[in-house]
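1. got a sequence here, can you build the structure:
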Amino acid sequence: MPEATLSKLSHCEPGDKCWRLIKQGATVIDVRSPQEFASGHLPQAINVPLDTLATWVAQVGNSQQIFLLYCGAGIRAQKGCDILSGGGLQRVVNAGALKDLLACEPKR
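-> Numbering: from 1, shown residues only. All right, here's what the predicted structure looks like:
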């Protein structure tokens, strides 16, 4: 399977492209609260709540990793993308809402 390309991609529709990035090893970040995260999340995801993301990005430094963010509706994910981009990360993707990602998860 060819590698998904990404050049300053800031949004991808949930579906094939997002799942390809996840399969290729993108860092998946759930920007919801710890309580929302505990109620269900992608197995690959780490929880970095939106209000802690600026501190987190400062610790990450300059990375060429792809960061794929999701939340409950997509709004916090976009704000998170803005924070990561503002912190110097260039390969940042807004994957939108968790429910939309789950609805189009490829069948195994």
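2. longest helix in this protein, by residue count?
-> In the chain, assigned by DSSP state H, the helix with the most residues is helix 75-86.
3. output that one as PDB, nothing but the C-alphas.
-> The C-alpha trace of helix 75-86 is given here as PDB (Å, rounded to 0.1, in the frame of the first residue of the first chain):
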ATOM      1  CA  ILE A  75     -14.100  21.800  17.200                       C
ATOM      2  CA  ARG A  76     -11.500  21.100  20.000                       C
ATOM      3  CA  ALA A  77      -9.500  19.000  17.500                       C
ATOM      4  CA  GLN A  78      -9.200  22.000  15.200                       C
ATOM      5  CA  LYS A  79      -8.200  24.300  18.200                       C
ATOM      6  CA  GLY A  80      -5.600  21.600  19.100                       C
ATOM      7  CA  CYS A  81      -4.300  21.600  15.500                       C
ATOM      8  CA  ASP A  82      -3.900  25.300  15.800                       C
ATOM      9  CA  ILE A  83      -2.000  25.000  19.000                       C
ATOM     10  CA  LEU A  84       0.400  22.300  17.600                       C
ATOM     11  CA  SER A  85       1.000  24.200  14.400                       C
ATOM     12  CA  GLY A  86       1.700  27.400  16.500                       C
END
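4. from the chain's centroid, how far away is it?
-> 10 Å (CA atoms, centre = their mean, to the nearest Å).
5. give the contact list for Leu102.
-> Shown in contact with Leu102 (CB atoms under 8 Å, 6 or more residues apart in numbering): Leu42. (C-beta placed from N, C-alpha, C; glycine too.)
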